[in-house]
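K.L.:
The following block contains a protein sequence and its predicted model.
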Amino acid sequence: MKPLVLLAFFGFAPIAFAQDTVITSPIDGSTTILTQPDVAANSVRAIQAPGASLRGLDKVSGEVIDLNLSIGETATLGRIEVTLGECRYPEDNPTGEAYAWLEIEDPLRTSRVFEGWMVASSPALNALDHARYDVWVIRCTTA
């Protein structure tokens, strides 16, 4: 029995999506599935905002602090320093999503504790790993 027949027998079969293109090799008959992205390139444009709203949590005291930063500005949350490098949002939905480039330093450590993009809707996707503090993006500020 061929492997494809066995897979179909047990209820498994290769799945091809509407955006997939199946190419069969004329030489050996092998097939390749090319997946096309759901979003066309450059169809969603991101706009750079002049600032961002962030929220910080001191896990020891339970204190929650809101930070409103402009691009390039640094704020202190307890003993860590948070610098906003950039904030972007989708052109067609300014309140729907925010992506912020943050640099977070702790003077007690020799290197940065965080440097990268944080996503407002998925804070755990790329989160600050610090024993005492949490920081996450709320939204980009447009005014």
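P.N.:
Structure received. The structure presented is a predicted model; accordingly, all values stated were derived computationally and were not measured. Numbers count the residues shown, from 1 in each chain.

K.L.:
Could you find the closest non-adjacent residue to L69?
P.N.:
L84 (4.1 Å; Cβ to Cβ, 6 or more residues apart in numbering). C-beta: built from backbone N, CA, C; applies to glycine.

K.L.:
what helix or strand does the one you found sit in?
P.N.:
Taking DSSP states H and E as the criterion, L84 maps to strand 80-90.

K.L.:
Mind checking what helix or strand follows that strand in sequence?
P.N.:
With elements assigned by DSSP H and E, the helix or strand that comes after strand 80-90 is strand 99-105.

K.L.:
need the contact list for the residue sitting nearest the centre point of the chain.
P.N.:
Centroid check for the chain by Cα atoms, centre = their mean gives V119 as the closest residue, at 4.5 Å. When the contact criterion is Cβ atoms under 8 Å, 6 or more residues apart in numbering, the partners of V119 are 97-99, 125-126, 137.
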